[in-house]
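**Q** fold the following.
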Amino acid sequence: MEKKIMFDYDYENDSLYIYFANKKARESFELDNFIIDVGEKGEIVGIEILDASEMLKKIWDYDISKEMLKKIKNVKMSIGYSRDLMIIKIILVVVIENKDVDVKMYLTMPKLEAVSA
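**A** Numbers count the residues shown, from 1 in each chain. Reported below is the predicted structural model:
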């Protein structure tokens, strides 16, 4: 069963929160301009991107504006593993010049250990 991914964009603060529906965070940690929410079993349940338009300008070679982020059509997120690393792939579907465009970003970090209760 595929997990439903939700998102909220706060235009005023320029922060984008991407999260799995029906999952609760037990703890959070910060990695540069990203806040990673972790669930009961050490799984990622959400990611907040601070200064989202500026971060995306650095990651993707296009002038992503707050106006574009306000009109995000869809978000996809997947998490893969390679040895001791976790690779998070995020795809934002935004409208650029009247076309749907996938804006892709990849985050790499050490694997999270299960959180003890």
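**Q** what mean pLDDT does the helix or strand hosting L16 get?
**A** Using DSSP states H and E, L16 sits in strand 15-20. Mean pLDDT, strand 15-20: 95.
**Q** and M55, how many neighbours?
**A** Neighbourhood size, M55 [other Cβ atoms under 10 Å]: 18. To be clear about C-beta, it is placed using only N, CA and C from the backbone, and glycine gets the same treatment.
**Q** now do E30
**A** That count, for E30 with other Cβ under 10 Å as the rule, works out to 10.
**Q** pLDDT score assigned to it?
**A** Value for E30, per-residue pLDDT: 90.
**Q** check which element follows the strand holding L16 along the chain.
**A** Following strand 15-20 in sequence order, the next helix or strand is strand 27-31 (DSSP H and E).
**Q** name the element the closest residue to F20 other than its chain neighbours belongs to?
**A** The shortest distance from F20 to any non-neighbouring residue, by Cβ to Cβ, 6 or more residues apart in numbering, is to K3 (4.7 Å). Using DSSP H and E, K3 maps to neither a helix nor a strand.
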